[in-house]
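Asker: need a structure here:
(2 chains)
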2 protein chains.
Amino acid sequence: METYRPMLLFLLFLPSVLLFCNSADAKRYPFFPGFINAGLKQSSEYSGGGLYETRFFTQILDHFDYTPRSYETFQQRYLVNDTHWGGKGAPIFVYTGNEGEIGWFARNTGFMYEIAPHFKALLVFIEHRYYGESIPFGGKEIAYSNATTLGYLSTTQALADYATLIIDLKKNLSSEGSPVVVFGGSYGGMLAAWFRLKYPHITIGALASSAPILQFDDMVSPYTFYDIITKDFRSESENCYKVIKNSWKEIEDTASQPGGLDRIEKSFKLCEGEGELVEDWISSAIVYAAMTDYPTASNFLAPLPAYPVKQMCKAINNPTAGNDTFTRLYGAMNIYYNYSGTETCFVTVGSDEHGMDDGWEWQSCMEMILPTGASNNESIFPPSTYNYTDQAVGCQEYYYVAPRPHWITTEFGGHDIRRVLKRSGSNIIFFNGLRDPWSGGGVLKSLSKSLIAIVEPEGAHHVDLRFSTKEDPKWLKAVRMKEVKIISRWLEQYYSDSST
Amino acid sequence: METYRPMLLFLLFLPSVLLFCNSADAKRYPFFPGFINAGLKQSSEYSGGGLYETRFFTQILDHFDYTPRSYETFQQRYLVNDTHWGGKGAPIFVYTGNEGEIGWFARNTGFMYEIAPHFKALLVFIEHRYYGESIPFGGKEIAYSNATTLGYLSTTQALADYATLIIDLKKNLSSEGSPVVVFGGSYGGMLAAWFRLKYPHITIGALASSAPILQFDDMVSPYTFYDIITKDFRSESENCYKVIKNSWKEIEDTASQPGGLDRIEKSFKLCEGEGELVEDWISSAIVYAAMTDYPTASNFLAPLPAYPVKQMCKAINNPTAGNDTFTRLYGAMNIYYNYSGTETCFVTVGSDEHGMDDGWEWQSCMEMILPTGASNNESIFPPSTYNYTDQAVGCQEYYYVAPRPHWITTEFGGHDIRRVLKRSGSNIIFFNGLRDPWSGGGVLKSLSKSLIAIVEPEGAHHVDLRFSTKEDPKWLKAVRMKEVKIISRWLEQYYSDSST
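Answerer: As a prediction, the model looks like this:
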């Protein structure tokens, strides 16, 4: 797998790869919330000290087969906080871990910590197989070496892991009667929703935050993702949008001139030799600023001020920046990449601090195929189309196994979701913030009385799950209050159903 | 796998194995509707001529993994009858095949044929992987050689096969809008119910006939199965019950005497050398007569008269039979094994005409573990207890992989079913006839307005699915009428939901 890093770059930096190729049919790969590390040296807001206790569960490799190999085991990590647990019969709140080390998700899901006392809930955060320390085959070297070992990294296996672990945990606590509510954001939110749909005997309800479960097949236009980002920036300032939109050509023109890359490196304070990937670096900042356009200062993907999109546009529109596009753009980049003010020069490729890239690259090739990356003429990014065939070929050439682009909708549905789920599902909250580019693939209208969409125009990527702050706007407090009320109803329903 | 046949015998003939071992802790294995071949030379009631057209679908070996091996394919057989299909958008009725060649199930599921004209439905019968002609790895020799290849025979894979095939079929028919209703009896009924629960986006409802989905873990007493058989015979005649109950000791005593087996062979007209398994042979007749205690002459498991239990008891109670237990019992056996009058002597092991034994032996070892085989002092069979540990050890020694006794309830639930499904499931009919020993593991009370139990005291194993006859009793006609009404409601609901 010698071509590993190059492909990863494609995954991380879709928009600018297209620019460099200068072709609408260039190979492209999807990305997802996980890919957020461009140029970041991140320090965690919460270190985990006191937040949880780490445990391990012996998990089997393959739940659905009975081949001798399926019986191989690995240690699955999970984090527990029982500070407020009411004991036997009291609720258990489980975070269905996504593509990264679980501590990071725990530290960024303060909502669960903050509601635990009210519900006397036990908190459990389960790490997704093949991420963090939950690696089969003794470690990443073998687990990630090729499809023979990587082949067991799939959503259905992950959900079955959660089912198995939760049942065992409840048994060990002698608390089989405890209702379980699952929580998740982004891919973790998809897992939470699917877990409620597939394992209703194990969980009474799911809070699926920013879960684009409809971003598969042809259910959502591949233009949606960039359209939303475009709208985010344009809503702040038409000029800001135009400066960014027009910058791509200027960067390309400059880069193609002798000494152009030098000029670019100087303009953007890139470390030496980093100029070639400047467009990836800028694109990432734009995409992830939109995703994490939180109303308060945060440090999820990067240390950022409140409303980073607004701040970046402010920098671009700053009259002291003069007329130079690069100077204006640099101001915006400096907010995204250097809000803490500690960077002396920037690198364009991040460190994958949370161990997400390798696993998500595989998952997004094989089954988690969320069409994005198309840009129309109005887009803040250069125009491009979506061509799945090229992506599939690239994945197959890389892994030597073929993607299964329709498996997710075969297994979990999605088409015609209202008709289907209003008769066969219940107790899911779908939260979406409309500033989040992934909201386009979310469930934006309630499907029934108990399949409830909460849509917040000002919200970004799973903002509801974050620790609260004193500066939280009213709408965010209201969203969380509503979620608490709905979860209370599920629990009341459960205890009432159980007593009859 | 040199111990193959001996173990199969255990599987086939649980009750008498216990007798011979003369120990309540002897090894025992569960059996299921599939194991019905003892001593039968069966001719099918319906040959299949004109009933269906045979097709094949290229199915992948493993839906849940992405290892290179998972991409191996096999040809999955399915049968189609489009005589009455209304075309694009009209309903598709799918039989979710169970443990045997699919033609046999099609020929014994006349209900689907008889209601097809009314609903203008396309009929599809899908063969279960590893049965009939739907064998991976090029054929049974390799597929069944050991757990390395047999490991892909599992319920979850079978359900995913059905999902994949149905989606593809509808696409090929350009009839994606057709509502799909699934049907199944026995294990096929369990698959139908689980398919509706797990794939509600693919089927709008399921008729699960005689599906003991609660016969797992400790949800149902392992005594239930034999208790029901005991009740069946006892309800016909106390004397009949007593003759059978007391016969086991007499057989054992006779067999242990010099020349005893000869006497047994003569008494029961067994072919030479068949005496050793006489108890298996008698037990099977009792078990399967109870299961197929249909109100009309039938030929599902054997050519039988109407109400075979009553007929067998009549033979036992026949005053011309004298006082000899063996003569009386022989009369009953002659009804079960020789109703067609063509047998000159009996063999005790059947021919597995429908290719069920090898596959079900594996499935019932690995995951389809339905506790049965315990007998209390009142039982028509000798007293015995249920000891799962011994069974698990036997399976592991045989296949070199460990059973997963709690997987079915982990994946499909079952515990607390009313609380769970009334909020998360809909549109399933659970039919059970109370004379069927498997009814003890069935859903016998409706769980909600749309999860409807139809319970018929006089009914036997999936009697509702059979072709109707002029002699059908009123209650059977009423059951089928009710099922048709419920299915009509699902379809109306679907078309109404789809139009809004």
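
Asker: Get me the contact residues on the stretch 101-250 of chain A for chain B.
Answerer: A:147-154, A:156-157, A:160, A:163-164, A:167, A:196, A:198-202 (C-beta under 8 Å from any C-beta of the partner chain). All C-beta spots, glycine's among them, are computed from the backbone N, C-alpha and C.

Asker: Report the closest residue of the stretch 401-500 of chain A relative to chain B.
Answerer: Nearest residue of the stretch 401-500 of chain A to chain B, counting by C-beta to the nearest C-beta: A:Gly413, 3.0 Å away.

Asker: Now A:Arg196: closest residue in space, sequence neighbours ignored.
Answerer: A:Ala206 (3.8 Å; C-beta to C-beta, 6 or more residues apart in numbering or on different chains).

Asker: from what I can see A:Lys445 touches A:Ala453, true?
Answerer: Yes. In this structure, A:Lys445 is within contact of A:Ala453 by C-beta atoms under 8 Å, at 5.3 Å.

Asker: And these two? Which one has more around it.
Answerer: For A:Lys445 versus A:Ala453, neighbours defined as other C-beta atoms under 10 Å in any protein chain shown are more numerous around A:Ala453 (15 against 11).

Asker: secondary structure element for the more buried one?
Answerer: strand A:451-456 (DSSP states H and E).

Asker: Would you mark the buried spots in that strand?
Answerer: By neighbour count on 16 or more other C-beta atoms under 10 Å in any protein chain shown, the buried set for strand A:451-456 is A:451-452, A:454-456.

Asker: Just the CA coordinates for that strand, please, in PDB.
Answerer: Extracted C-alpha coordinates of strand A:451-456, given in PDB (Å, rounded to 0.1, in the frame of the first residue of the first chain):
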ATOM      1  CA  LEU A 451     -39.300  10.600  15.000                       C
ATOM      2  CA  ILE A 452     -38.600  14.200  15.600                       C
ATOM      3  CA  ALA A 453     -36.500  16.500  13.500                       C
ATOM      4  CA  ILE A 454     -35.100  19.500  15.400                       C
ATOM      5  CA  VAL A 455     -33.800  22.000  12.800                       C
ATOM      6  CA  GLU A 456     -31.900  25.100  13.900                       C
END
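
Asker: rewinding a little: distance of the residue of the stretch 401-500 of chain A closest to chain B relative to A:Asn299?
Answerer: Separation of A:Gly413 from A:Asn299 (C-beta to C-beta, to the nearest Å): 36 Å.

Asker: cool, A:Lys242 as well?
Answerer: A:Lys242 is 30 Å from A:Asn299, by C-beta to C-beta.

Asker: for A:Ser439, same thing?
Answerer: Separation of A:Ser439 from A:Asn299 (C-beta to C-beta) stands at 22 Å.

Asker: more neighbours, these two?
Answerer: A:Ser439 (27 against 19).

Asker: Quick one: residues contacting that one.
Answerer: Neighbour list for A:Ser439: A:210, A:212, A:228, A:432-433, A:455 [criterion: C-beta atoms under 8 Å, 6 or more residues apart in numbering or on different chains].

Asker: Neighbours of the residue nearest to A:Gly188 when sequence neighbours are not counted, how many?
Answerer: Once flanking residues are discounted, A:Gly188 sits nearest to A:Asn98: 3.5 Å by C-beta to C-beta, 6+ apart. Using other C-beta under 10 Å, A:Asn98 is surrounded by 27 other residues.

Asker: so A:Asn98 makes contact with A:Gly184?
Answerer: Yes. The pair A:Asn98 and A:Gly184 passes the contact test of C-beta under 8 Å, sitting 6.6 Å apart.

Asker: So for these two, which residues contact both of them?
Answerer: With C-beta under 8 Å, 6+ apart as the test, A:Asn98 and A:Gly184 both reach A:Leu191.

Asker: Okay, and A:Arg77 sits in which element?
Answerer: strand A:73-81.

Asker: A:Gly373 too?
Answerer: Following DSSP H and E, there is no helix or strand that holds A:Gly373.

Asker: can I assume it is in contact with A:Asn387?
Answerer: No. Using C-beta under 8 Å, A:Gly373 is not in contact with A:Asn387, being 9.3 Å away.
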